[in-house]
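Colleague: The following comprises the amino acid sequence and a computationally predicted model.
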Amino acid sequence: MKRSINIWVSLDKITILLYLLLVIMGWLNIYAAVYNEEHPGILDLSQRYGKQFIWILAAIFTGIFAILIDSRFYFFFSWFIYGFLMFLLVLVLVFGTEINGARSWFEFSWFSLQPSEFAKFGTAIALAGFLNSRRLDLTRLGMLTQASAIILVPAFLTALQPDMGSTVVFFALFLVLFREGMSPYVFVSGLLALILFFLTLLINNLYLKLGLIVLAILLVWFATRRWKLVLMGTGIFIVIAAVLYVIDYYLFKRLGIELVILFALLVSGIFFAWYIYTKKAMAVLVIYLFLVGSIVFVNSVDVTFNKILPDHQRDRINILLGIKSDPRGTGYNVNQSIISIGSGGLTGKGYLQGTQTKFKFVPKQSSDFIFCTIGEEWGFLGSLAVIGTFLLLFFRIIFMAERQRSVFSRVYGYGVVSILFLHVFINIGMAIGIVPVIGIPLPFFSYGGSSLWGFTILLFVFLRLDASRNEYLV
Amino acid sequence: MKDPFINRKYIIMTLMVLVCLFLIIRLFVLQIVKDTYRLSADNNVLRYVTQYPARGLIYDRKGKLIVSNMAAYDIMVIPSQTSRIDTAGFCSLLGITNDMFKRQMRAAINYSRRAPSVFLKQISDQTYAGFQEKMFMYPGFYVQPRTLRKYSKPVAAHILGYVSEVDESIIKKNPYYKSGDYIGKSGIEEAYESELRGQKGVRIFMVDVFSRIKGAYADGEMDTVAVQGSDIISSIDLDLQEYGELLMRNKRGSIVAIEPETGEVLSLVSAPGYDPGLLVGRVRSENFAKLQLDTAIMPLFNRALMASYPPGSTFKPINGLIGLQEGVITEDTQFGCDYGYLFVGCHGHGSPLDLAGAVANSCNSYFCQTYRRVLENRKYGSVSEAYNRWKEYLNEFGFGSKLGTDFVNELAGFVPSTAYYDKYHGRNKWKALTVISMAIGQGEIGTTPLQMANMTAAIANRGFFYTPHIVKGVGKENSLDPKFSERHLINIDSANFNKIILGMEGAVNGAPGGTAGIARIRDIIVCGKTGTAQNPHGKDHSVFIAFAPKDDPKIAIAVYVENAGFGSTYAAPVASLMIEKYLRDSVSNKAMEQRILNLNLEDTITESETQY
Ligand SMILES: [Zn+2]
């Protein structure tokens, strides 16, 4: 059933207004950030502000193009779009140009493209397609797993580049799953995992594991109130651990105390399983699984952090956690960025008057650290205005998502807002030193064609879906 | 279909609001609560470039330029602003080794990370030009122009002193000075440091992260202008100074010439000397060490101020004056001399002599007996008391204490007190005869050439002197420390001076047996007195004091030629040449001039003889 409506009339004007506002503010701030006295024209194509103007025009055409496409196309081709973009993510690992230690870019003769910026759109649309296509029930483990897989594939591929920023952004889509019924405990577990992650980096792992074991023993005592049982269980674990340790020490000499603890825990699990089975003690089972899970997690974080993560990203995390200090090295960007923003005061130093900005103390200021320019030249009020505008946009998108008649459009809308939200939080958080520097752009602000087009497509496809919400009942 | 999770949108919206609030609170703390970031931002981008004023120039009394300035360039470094640079390129650009680079960087970091320190001193003009072009490649480095001293003639090093970089202790004591600054050391440069140095200024520039200067900060409103150092007109006569140093070449000793009516020092020579140009620029420290290590001739040692000699016979006029003033002798008093008095010998001369004759002939007996009368004067209760009175006269002449000149290191000399003798001989156990050698300027007494020249000026003035000084005027106002226009009166009647001067006139101008005929100048009445300063380490020093013309003294002079024997042999001719040179601008006795110029005493002096 099709009703004919005028798409251009039905487009959400408020969103378009907010979009244009952000893009223009971004452009003016890029002008300030890379301002070159010898090329004062904002349209000077030899400068980044001139180029950004081209990207903005191109983005608007892309947006118009995205609106002209029939909304059914996005629905029916969601898997194709997803598949194609995943293919590009694989391709970039092979043919991409390595910049700053990461293979994230395709370089062509006259422009370069970052497929991960478009993959965010592809993943959002695929998720929407998936959740729309069958009976929606994210409390079912199978469906949750499949939905998670859609998110984790691009996250994994971008992690291989490695581009931690993009990887983290894909996780934003779990917010969509939450909206659509995923258990909040997944979030709680995620939060616990995050805490454990930082503890792993901050505390000696052996003590951390022993602490976890003691915690588990106390929890079992709380759950059962049977100290004999607790004592027996602890005894079994200690005996097995001791035997394993002695065997390893004299025969293999390769396990080490950490793996001995894990294996001892697994072996003593057999005894615990018998108890749990006979007494139907589900609480003990949960505690046991959490203990094993967290010890495995600690081990894997340790390995990932120290063996897999590239040096510069490890440094960034170390600096954020205060393990390492290096004012002129990796932390330099953040220090200078904080100085820039902090020196802005209430009303800022005035447009084009930021000394930090003008004299290029903050590297990457037109892209990842564009917020410095806002903070320094427009001050606290300017920062407030920018954050406020973003918040307005988020609420508007949520409002629009909730008025959709199809799950597809609603899920996609939430996908858009989740991605934008995490970008804004991480990007600004980075600039003010509360989030590690993982290098992701501020939507619509940061210099760069790929990110601007990516975000424009992301938003405008939703505008098209919203405009035709009464057109089809998909 | 009812959506069971519709309320979760509120949770999501709340989450977003909380996160944004979190960002805003953090921004509030950064931008409003703390103001340290504004300071950091200022330090980031402002560079304070010190403007070094040109040091004041020094002229001689006739307006001839003695000391001027030349440009030099120091390479400065601010360690905190440097980044990884192409060290090899940097080193080859400056012509230094990698080791040197590391050493200098370490030194700079040790001094301060944020404050500039001198990385490389006084680079050549070509190096400067090359570096200027490529400076942008080396953030944290910049060029600081400075001025170095330039001397129009290689003379007067001891008078002028030198300029050298400040050391740690000076920086700590005086906050005006920063690492790499220069300060006057010794001579006029030190005594008039605060006038000569001027006032440093500072220009504030904005620089970018590559240390490139982007313009003046606040349109230069916060800049302070460097105030140029004041020029100084020295009292020395450059030609006379040069001539004196020429005469003293290959000899050791000193010449001090003073204008009696003002106390202005016309010339001050200490031989051997050195070329002041040796202590300028990059070669300074190396040359300084060389001069300092040269213990055989000690070129840095200013004998005119720092060497204490027994005055010898040049002291006799003083004892004559005291005798006259104390009334123990008159100009007509005669003493016989039979080659000496008790254990003090004398040379052959007519006998008996009156006062003028005794001065002219330098009779030891005469002054021993006069001195004995002074000390055994019934007026005073004891020899000690009489001695103290005698010592007071000496102090009035400026002996036994520093004169208070504008030289930074002058020696006080030594006039023994009664306590000194009490300690050696016991209280009241010593008599006039115990200290009789003082009558002829021998014994424990020690005076500097400057003090002797000052005494000569006081005699020429017939009873007063002005504290000797080397600077005539400072700056545009031509100002001078008022203490230098203060007349120091000596409690001896001017009539008595005339009686002594008569003897000094005779010594030079044909009195029978006059000891200093060699110093005679046609048509100028030179009044002089020879002396021989005893030298326990070797041949005696030849001493001569004189002033001229007799009735309108324009120059008073003391000349010491070490290890040269009698005063008449070498010191008197030198003094005579100097006087004529000053008064007439040329010398008539070319033969004598040639004899002095050719005289080389250096070869005859062994190291052991150099003791002060
Ligand atoms: Zn005699």
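Modeller: Noted; the coordinates are in hand. What you see is a predicted model, and the numbers here were worked out from it, not measured in a lab.

Colleague: Outside of stretch B:498-514 itself, list whatever touches it.
Modeller: Stretch B:498-514 has contacts (Cβ atoms under 8 Å, 6 or more residues apart in numbering or on different chains) with B:317, B:320-321, B:324, B:331, B:349-350, B:355-362, B:459, B:462, B:515-517, B:519-520, B:525-530, B:546, B:550. No exception for glycine: its C-beta is placed from N, CA and C like everyone else's.

Colleague: Any of those buried? List them.
Modeller: With burial judged by 16 or more other Cβ atoms under 10 Å in any protein chain shown, the buried subset of the contacts of stretch B:498-514 is B:317, B:320-321, B:324, B:331, B:349, B:355-362, B:459, B:462, B:515-517, B:519-520, B:525-530, B:546, B:550.

Colleague: tally of neighbours for residue 164?
Modeller: No chain was given, so I picked chain A. 21 (other Cβ atoms under 10 Å in any protein chain shown).

Colleague: Correction: the question concerned chain B.
Modeller: With other Cβ under 10 Å as criterion, B:Ser164 counts 17.

Colleague: so how far is the ion from the closest residue in space to it that isn't next to it in sequence?
Modeller: Leaving aside its sequence neighbours, B:Ser164 sits nearest to B:Lys185 (Cβ to Cβ, 6 or more residues apart in numbering or on different chains; 5.3 Å). Separation of B:Lys185 from the ion (Cβ to the ion, to the nearest Å): 48 Å.

Colleague: measure B:Val374 to the ion for me?
Modeller: 18 Å.

Colleague: What of A:Leu157?
Modeller: Taking Cβ to the ion, one finds A:Leu157 at 119 Å from the ion.

Colleague: quick one, what contacts that residue?
Modeller: Contacts of A:Leu157 by Cβ under 8 Å, 6+ apart are A:Met86, A:Leu89, A:Val90, A:Leu93, A:Ala119.

Colleague: low pLDDT regions in chain B?
Modeller: B:1-2, B:38-46, B:114, B:207-214, B:217-219, B:221-222, B:567, B:603-612 (pLDDT under 70).

Colleague: Quick check: what element follows the lengthiest strand in it along the chain?
Modeller: Assignment by DSSP state E gives strand B:65-77 as the longest strand of chain B. Downstream of strand B:65-77, the next assigned helix or strand under DSSP states H and E is helix B:87-94.

Colleague: Buried residues, that following helix. List them.
Modeller: B:Phe90, B:Cys91, B:Leu93, B:Leu94.

Colleague: can you pull out the strands in the stretch 1-150 of chain A?
Modeller: A:97-99, A:102-107, A:112-113 (DSSP state E, counting those that start in this stretch).

Colleague: returning to what we had before: so of the buried ones among the contacts of stretch B:498-514, which ones are in strands?
Modeller: Using DSSP E, the buried ones among the contacts of stretch B:498-514 in strands are B:Cys527, B:Gly528, B:Lys529, B:Thr530, B:Ala546.

Colleague: which ones are touching the first one?
Modeller: Listed by Cβ under 8 Å, 6+ apart, the contact set of B:Cys527 reads B:Ile459, B:Ala460, B:Ile501, B:Met504, B:Glu505, B:Ala507, B:Val508, B:Ala546, B:Phe547, B:Ala548, B:Lys550.

Colleague: And for A:Phe380, nearest residue in space, chain neighbours not counted?
Modeller: Going by Cβ to Cβ, 6+ apart, A:Phe380 has B:Gln31 as its nearest residue, at 4.2 Å.

Colleague: Return the residues in contact with that neighbour.
Modeller: So B:Gln31 contacts A:Ile341, A:Gly342, A:Gly344, A:Gly345, A:Leu346, A:Gly375, A:Gly379, A:Phe380, A:Ser383, B:Tyr37 (Cβ under 8 Å, 6+ apart).

Colleague: hmm, 10 Å instead?
Modeller: By Cβ atoms under 10 Å, 6 or more residues apart in numbering or on different chains, the contact set of B:Gln31 is A:341-348, A:375-376, A:379-384, A:432, B:37-38.

Colleague: Where does it sit: helix, strand or coil?
Modeller: Classification of B:Gln31 using DSSP: H, G, I helix; E, B strand; the rest coil returns helix.

Colleague: go on, B:Ile492?
Modeller: Following three-state DSSP, we place B:Ile492 in the coil state.

Colleague: Look up how far B:Tyr59 lies from the residue nearest to it when sequence neighbours are not counted.
Modeller: Nearest residue to B:Ile492, sequence neighbours excluded (Cβ to Cβ, 6+ apart): B:Gln325, at 4.5 Å. Applying Cβ to Cβ, to the nearest Å, the value for B:Gln325 to B:Tyr59 is 41 Å.

Colleague: Tell me, how many residues neighbour A:Asn204?
Modeller: 9.

Colleague: got it, and A:Phe118?
Modeller: 21.

Colleague: and what of B:Gln325?
Modeller: B:Gln325 has 19 neighbouring residues, counting by other Cβ under 10 Å.

Colleague: For B:Arg26, give its distance to chain A.
Modeller: 5 Å (Cβ to the nearest Cβ, to the nearest Å).

Colleague: for that residue, phi and psi?
Modeller: When read as degrees, to the nearest 10, the backbone of B:Arg26 gives phi -60, psi -40.

Colleague: Would you map out the domains in chain A?
Modeller: A:21-50+A:326-455, A:70-182, A:194-309 (automatic domain parsing).

Colleague: Could you single out the most deeply buried of those?
Modeller: Greatest average neighbour count among the domains of chain A goes to domain A:21-50+A:326-455 (a mean of 22), per mean count of other Cβ atoms under 10 Å in any protein chain shown.

Colleague: any idea of the mean pLDDT for that domain?
Modeller: Confidence over domain A:21-50+A:326-455 (mean pLDDT, whole number) is 84.

Colleague: Let me see the contact set for the residue in the stretch 1-150 of chain B that the ion sits nearest to.
Modeller: Here the stretch 1-150 of chain B gets closest to the ion at one residue, B:Arg61, 41.1 Å apart by Cβ to the ion. Each residue near B:Arg61 by Cβ under 10 Å, 6+ apart is listed here: B:233-238, B:240, B:259, B:264-266, B:472-473.

Colleague: Please apply the same query to B:Trp390.
Modeller: B:318-319, B:322-323, B:326, B:371, B:374-375, B:377, B:380, B:415, B:435, B:438.

Colleague: Can I get these in CSV including distance to chain A and neighbour count?
Modeller: Listed next are the contacts of B:Trp390 as CSV, based on distance: Cβ to the nearest Cβ, whole Å; neighbours: other Cβ atoms under 10 Å in any protein chain shown:
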residue, distance to chain A, neighbour count
B:Ile318, 73, 24
B:Asn319, 77, 24
B:Ile322, 77, 22
B:Gly323, 82, 27
B:Glu326, 82, 20
B:Tyr371, 80, 26
B:Val374, 80, 27
B:Leu375, 80, 27
B:Asn377, 84, 18
B:Tyr380, 81, 17
B:Val415, 66, 19
B:Val435, 76, 23
B:Met438, 74, 27
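
Colleague: Which of these sits closest to B:Val574?
Modeller: B:Ile318 (22.0 Å; Cβ to Cβ).

Colleague: Leaving out chain neighbours, which residue sits closest to the residue most central in space within chain B?
Modeller: Central residue of chain B (Cα atoms, centre = their mean): B:Gly187, 2.3 Å from the mean position. Distances taken as Cβ to Cβ, 6+ apart place B:Gly161 nearest to B:Gly187, at 2.4 Å, with adjacent residues excluded.

Colleague: Also B:Ser576?
Modeller: Per Cβ to Cβ, 6+ apart, closest to B:Ser576 is B:Ala519, 3.8 Å.

Colleague: And the one you found, how far from B:Tyr243?
Modeller: 16 Å.

Colleague: on that earlier part again, go through the contacts of B:Cys527 and name the one nearest B:Gln292.
Modeller: B:Ala546 (34.1 Å).
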